[in-house]
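Asker: Would you be able to build a 3D model of this:
(2 chains, ligands or ions: 2)
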Amino acid sequence: MEYIVRTENLSKHFGKEKAVSGLEMKIPKGEIYGFLGPNGAGKTTTIRMLLGLMKPDSGRIEIFQKDLKKERLNILGRVGSLVESPSYYPHLTAKENLEAMRKILGVPKQRIAEVLEIVRLTDACDKKVKGFSLGMKQRLGIAASLLNNPELLILDEPTNGLDPSGIIEIRNLIKSLPSECGMTVLISSHLLSEIDQMATTVGIVTKGKMIFQDSIEAMRMFSQQSVLLKVSESDKAWRSLLGRGMKAGLDSGIISLPQQSDEQVAEAVRGLVADGFSVYRVEEEKRSLEDIFLQMTREEQAG
Amino acid sequence: MMGKLLAAEFMKIKRKGIWFLTVLGPIGVVAMQMVNYGVRKDYLFGQNDDRWGYYLDNIHSFTPLAIVLGIVILTSFMSSIENETNAWKQLIALPVSKMSVYLSKFTVLSILLLTSSVLLMLFTMAFGLFLDLGGEIPYTGLLKYSFYPFFAALPVLALQLWIATVSVNQGVPITLGILGVILTYAGFTLPDWLIWKWPLLLNEWNEPLINVLLGIGAGVLLYTAGMIDFARRDVK
Ligand SMILES: Nc1ncnc2c1ncn2[C@@H]1O[C@H](COP(=O)(O)OP(=O)(O)O)[C@@H](O)[C@H]1O
Ligand SMILES: [Mg+2]
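Answerer: Residues are numbered from 1 along each chain as shown, chains lettered A, B, ... in the order given. Ligands and ions are numbered 1, 2, ... in the order given. So this is what the prediction gives:
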């Protein structure tokens, strides 16, 4: 597989604290890679290293299958980024802010109007950024990251501080990038719901370590579903199921059957009815990704 | 790459009052002598037969202070441009080397200070002609008094830029700057090795060119140290 980003054993510490340790990140071409982890997990530190803003203590970074250490400028010319809270020059207008970056990137002038249009800031383009709302500043930051038509777009918590409609807008924009522009996107967030709605591949990081990295489908599979039964005399009913040699749990009057095939569920219900219990409800428990995420991080901490 | 970076830097100093200060500095220095000669022209004319030379000496009594003060204010303004919203991370994530970013900042500051020097020369000459000092215009002296202080002040510039760029707390460069201005003000009484004294163009051999050469030498050293330190550090 062609990886746009690949890190090997990437580590960085601040004082005694290990912010990133032994991180192996693999981002296939054309994916929206959701980089997920609680605050302080090391997402921003990783991203800073990918952009050459920080030097790793150890490990290797390959972007576009080139060594970042050796070909930093070449690589960065094909990358767009927005790291943490947006940076801007408050005394300049939105257009001038982009112009200052455009001069360095050397892209055609018309690109400024294009990216302003993409983030819908065209009307405010001649206003000083000083007076912008946080959402507008964030959108300006995204516009800046798109200036050079990057092949890899790195966005660190881009929806932080946006209102709900702004979040949806940015989300739709990001989702459209891989198909429309052939971009690969790395987007970090501490909110699973964010990643869930955008990402095609997920990397979960906690305490500087990658604890899961796979497609979003694989992550959903991780959610082991169980079937819940509400019955009369739940205690006796549970015992009768166990007596029939079935795996079952009992929690506050609800019987749960972990990971059963349709046939096994049918058999359990048939058994219960035959033994004279009333079956009131048969439900599938769908665990949210939030639950899975919590479980993964908890397992990591326990282990 | 430098051309592009410089174009971007000049764009960024718009509306910061930086150009205004660049012009204000030399006006201030010459204005002091306008007051001085306005109040006691006859007395001053009587002090020395070489009226042009005496006039240039008077002008130069304020130039070092103005240039050191100017350096402190301009470096502080320049670094505030990136520090205000931590735009360093955005700038350094562009396809530019950190060394060239640092060089572009230094170059812009040098260009501004050289502009001040050119203006100082023009204003000095204009007011000198207005005073009708008589005799030949001493072009060599005019050039020396306008440009030597800049070169002699290069170490101060390099040091202020270095400290202002790498300090998280901007109180540090400001404090150092104020200290520097005081040292320049009290320069006459201080030892020759202090870089803040150099713009006064004084030394025991009575040869201002020594200060210029020392300034360039020490300036290059401090500039290089600052650039290497900046490149080595993680971006804030
Ligand atoms: N410049 C820094 N100096 C010291 N510690 C830092 C620095 N940057 C980050 N850290 C620490 O490293 C850890 C990871 O931080 P960060 O990468 O910002 O996490 P995230 O972006 O996932 O919230 C945190 O514990 C944070 O306090
Ligand atoms: Mg972060």
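Asker: Buried residues of the longest helix along chain B, list them for me.
Answerer: As assigned by DSSP state H, the longest helix anywhere in chain B is helix B:98-131. Burial within helix B:98-131, assessed by neighbour count using 16 or more other Cβ atoms under 10 Å in any protein chain shown, is assigned to B:98, B:100-106, B:108-110, B:112-113, B:116-117, B:119-121, B:123-125, B:127-128, B:131. Bear in mind the C-beta positions are built from the backbone N, C-alpha and C, glycine included.
Asker: and if you look at stretch A:15-22?
Answerer: Buried-residue list, stretch A:15-22, by 16+ other Cβ under 10 Å: A:18-21.
Asker: Of those residues, which is the nearest to ligand 1?
Answerer: A:A19 (3.4 Å; Cβ to the nearest ligand atom).
Asker: Now that closest one. Nearest residue, chain neighbours left out?
Answerer: What sits nearest to A:A19 in space, not counting adjacent residues and going by Cβ to Cβ, 6 or more residues apart in numbering or on different chains, is A:T45, at 4.4 Å.
Asker: What segments of the stretch 51-200 of chain A are strands?
Answerer: Counting by DSSP state E, counting those that start in this stretch, the stretch 51-200 of chain A has strands at residues A:58-63, A:66-67, A:79-82, A:152-156, A:184-189.
Asker: So which of these is nearest A:V202?
Answerer: strand A:184-189 (10.5 Å; Cβ to Cβ).
Asker: and the closest one, does that touch ligand 1?
Answerer: No. On the criterion Cβ under 6 Å from any ligand atom, strand A:184-189 is out of touch with ligand 1, staying 6.8 Å away.
Asker: what's that strand packed up against?
Answerer: strand A:3-14, strand A:26-28, strand A:32-36, helix A:43-50, strand A:152-156, helix A:164-181, helix A:192-198 (3 or more Cβ pairs under 8 Å, 6 or more residues apart in numbering or on different chains; DSSP states H and E).
Asker: Do me a favour and average the pLDDT over it.
Answerer: What strand A:184-189 shows for mean pLDDT is 96.
Asker: Report the inter-axis angle for that strand versus strand A:152-156.
Answerer: 10 degrees (axes from the mean of the first three to the mean of the last three Cα atoms, to 10 degrees).
Asker: Count the neighbours of the closest residue to A:V115 other than its chain neighbours for me.
Answerer: Nearest in space to A:V115, with sequence neighbours left out and distances taken as Cβ to Cβ, 6+ apart, is A:A143 at 4.1 Å. Counted with other Cβ atoms under 10 Å in any protein chain shown, the neighbours of A:A143 add up to 26.
Asker: now A:A143: how far from B:G217?
Answerer: Separation of A:A143 from B:G217 (Cβ to Cβ, to the nearest Å) stands at 46 Å.
Asker: A:D275: how many residues sit nearby?
Answerer: 15.
Asker: three-state assignment of the residue nearest to the spatial centre of chain B?
Answerer: Computing the C-alpha centroid of chain B and ranking residues by Cα atoms, centre = their mean puts B:I67 first, at 3.8 Å. Secondary structure assignment for B:I67 (DSSP: H, G, I helix; E, B strand; the rest coil): helix.
Asker: my read: it touches B:L113, true?
Answerer: Yes. Look at B:I67 against B:L113 with Cβ atoms under 8 Å: they come within range, at 7.0 Å.
Asker: Mind listing the shared neighbours of these two?
Answerer: By the contact definition Cβ atoms under 8 Å, 6 or more residues apart in numbering or on different chains, B:I67 and B:L113 are jointly contacted by B:150, B:153.
Asker: What separation is there between the residue of chain B found nearest ligand 1 and A:R48?
Answerer: Closest residue of chain B to ligand 1, Cβ to the nearest ligand atom: B:D234 (6.8 Å). Separation of B:D234 from A:R48 (Cβ to Cβ): 7 Å.
Asker: Neighbour count for these two, which is higher?
Answerer: Neighbour totals were compared for B:D234 and A:R48, and A:R48 leads with 25 against 13 (other Cβ under 10 Å).
Asker: OK, contacts around the more buried one?
Answerer: A:54, A:83, B:89, B:234-235.
Asker: Can you flag the buried ones in these?
Answerer: By 16+ other Cβ under 10 Å, the contacts of A:R48 give A:54, A:83, B:89, B:235 as buried.
Asker: And the residues you listed, which is closest to A:K128?
Answerer: Nearest member of these to A:K128, counting by Cβ to Cβ, is B:K89, at 21.4 Å.
Asker: how about the longest helix of chain B against chain A, any contact?
Answerer: No. Helix B:98-131 lies out of reach of chain A by Cβ under 8 Å from any Cβ of the partner chain, never closer than 9.0 Å.
Asker: The next helix or strand after that helix packs against which elements?
Answerer: Note on helix B:98-131: by DSSP states H and E, the next helix or strand toward the C-terminus is helix B:139-152. Applying 3+ Cβ pairs under 8 Å, 6+ apart, one finds that helix B:139-152 contacts helix B:51-60, helix B:63-83, helix B:98-131, helix B:208-232.
Asker: if I look at the nearest residue to the residue of chain B closest to ligand 1 once chain neighbours are set aside, how far off is ligand 1?
Answerer: Nearest non-adjacent residue to B:D234, counting by Cβ to Cβ, 6+ apart: A:M54, 4.3 Å away. The gap separating A:M54 from ligand 1 is 8 Å, by Cβ to the nearest ligand atom, to the nearest Å.
Asker: I'd say A:M54 and B:R233 touch.
Answerer: No. Counting by Cβ under 8 Å, A:M54 stays clear of B:R233, with 9.5 Å between them.
Asker: Apart from its neighbours in sequence, what residue is nearest B:I81?
Answerer: B:K12 (5.3 Å).
Asker: just A:I204 next, same as before
Answerer: Excluding the flanking residues, the one nearest A:I204 by Cβ to Cβ, 6+ apart is A:F212, at 4.2 Å.
Asker: helix, strand or coil for the one you found?
Answerer: Going by three-state DSSP: A:F212 is strand.
Asker: pLDDT below threshold where in chain A?
Answerer: Regions of chain A meeting the criterion pLDDT under 70 cover residues A:222-224, A:288-289, A:300-303.
Asker: returning to what we had before: so can I have JSON lines of the strands of the stretch 51-200 of chain A showing mean neighbour count and distance to B:P26?
Answerer: Shown next, in JSON lines, are the strands of the stretch 51-200 of chain A (neighbours: other Cβ atoms under 10 Å in any protein chain shown; distance: least, Cβ to Cβ, whole Å):
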{"stretch": "strand A:58-63", "mean neighbour count": "18", "distance to B:P26": "49"}
{"stretch": "strand A:66-67", "mean neighbour count": "13", "distance to B:P26": "50"}
{"stretch": "strand A:79-82", "mean neighbour count": "25", "distance to B:P26": "42"}
{"stretch": "strand A:152-156", "mean neighbour count": "24", "distance to B:P26": "45"}
{"stretch": "strand A:184-189", "mean neighbour count": "25", "distance to B:P26": "50"}
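Asker: Reformat those strands as TSV; add distance to A:T93.
Answerer: Formatted as TSV, the strands of the stretch 51-200 of chain A follow (distance: least, Cβ to Cβ, whole Å):
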stretch	distance to A:T93
strand A:58-63	32
strand A:66-67	36
strand A:79-82	19
strand A:152-156	23
strand A:184-189	28
